[in-house]
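1. Any chance you could fold what I've pasted below:
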Amino acid sequence: MKPENLRYILWTNDVEDHSIWYNRLRYETGELVLREGMPMLLDIYKRHGITTTCYFTGYMAEHFPEVVRMAAAGGHEVASHGYSHEVDQAFDVLPYNSQVQHLDRSRKLLEDLCGRPVISFRAPALRVNSDTPGALIETGFRTDSSVASQRFDMFLSFGGMKKMRRLFAPRLPYRTRTDSLYHKGDSPLVEVPLTAMILPYVGTTMRMFPAVTRLQRRIAAAENRFNRKPVVFDIHPNEFLEEGEGKRIIARRSKNFFTFIMADLIRGNLKVKNLGKKAIPLYENEISFYKNRGFVSVTVQDYCKSNGWI
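-> Take a look at the predicted model:
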């Protein structure tokens, strides 16, 4: 069967040291991702015989290099999630030169560990600005997956107003402009949008609203049959961790009161539902749904190569 006639599902993973329970970055969470979260996730993929794309922060690569090596050894694509997941280091607030530095540092760390070129990127919290495409191109990246077309929960995340642009972004993969990831252009950079239908099709939605996700996957499969849009799902190994005991105190990450209420307090409380091992059967149900319908699981890089994008 020709590549353009295949039905593709791209399983993607953002690997970082963010603690969902404590709502902040923690070295201890990075250790748990290495010892528990990533091994559980890779075991799921091994049992189902699928390869995925893993977006690592440079911080994880620097402090927990074995987490990168184990993913690469399992045949998964090693990709960049920037260097830092700190909210004040997001790509929508960094100037061009700082973005280049972050990208270059992250890419070199990852390439040294996996021994292969790193050409795929996803921005932390999907926060980007008009400088991001140029910075990605300058540092050798060929694919991006920071746009969640028609996703409408931006008020529950940092950089919410700037994310309004994704409401009008194309749903099918496209070449970007050199000054915008949200618009079609003729640059060498390929945008592979995350799947969303108002709510994002991600592990967080899967855990918080399992019934909604069951509907999402049926819509995504129907859309794929209609226009061959690849389904792109995102999950984090820290979603399989069980952290903390006793009363939970949510860390405040923003001085802005509205952002604290929406992105920290409300979202932070919602995100702990079905956290830990309860997430495993939910995720395996998603994988089985597509396997039973003949979808092919590939990495973002391999999808773009097979379809002539890169």
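
2. going forward, measure contacts between C-alpha atoms and count neighbours the same way
-> Noted.

3. the helices in the stretch 51-200 of the chain, which residues?
-> For the stretch 51-200 of the chain, applying DSSP state H, counting those that start in this stretch gives helices covering 58-63, 65-73, 96-114, 132-138.

4. Nearest to residue 41, out of the ones you listed?
-> helix 65-73 (9.8 Å; CA to CA).

5. Which elements pack onto the closest one?
-> Helices and strands touching helix 65-73, by 3 or more CA pairs under 8 Å, 6 or more residues apart in numbering; DSSP states H and E, are helix 58-63, strand 77-80, helix 96-114.

6. just so I know, which of the ones you listed lies nearest residue 144?
-> Of all the helices and strands packed on helix 65-73, strand 77-80 comes closest under CA to CA, at 9.6 Å.

7. Could you list the residues in contact with the closest one?
-> 51-58, 68, 71-72, 103, 106-107, 110, 114, 118-122, 299-301 (CA atoms under 8 Å, 6 or more residues apart in numbering).

8. swap the cut-off to 6 Å and go again
-> Around strand 77-80, the neighbours that count as contacts under CA atoms under 6 Å, 6 or more residues apart in numbering are 53-56, 118, 120-121.

9. for stretch 12-28, same thing?
-> Contacts of stretch 12-28 (CA under 6 Å, 6+ apart): 29-30, 52-57, 233-236, 250-251.

10. And the pLDDT at residue 244?
-> What the model reports for residue 244 is a pLDDT of 72.

11. Buried deepest among the helices and strands packed on helix 65-73, which one?
-> Sort the helices and strands packed on helix 65-73 by mean neighbour count, taking mean count of other CA atoms under 10 Å, and strand 77-80 sits at the top with a mean of 30.

12. Poorly predicted segments of the stretch 201-310 of the chain, please.
-> For the stretch 201-310 of the chain, the stretches with pLDDT under 70 are 245-270.

13. ok, back up a step: from the contacts of stretch 12-28, which would you call buried?
-> Neighbour-count burial (16 or more other CA atoms under 10 Å) is assigned, among those, to 29-30, 52-57, 233-236, 250.

14. and the two most separated of the residues you listed?
-> Longest span within these, CA to CA: 52 and 250, 31.4 Å.
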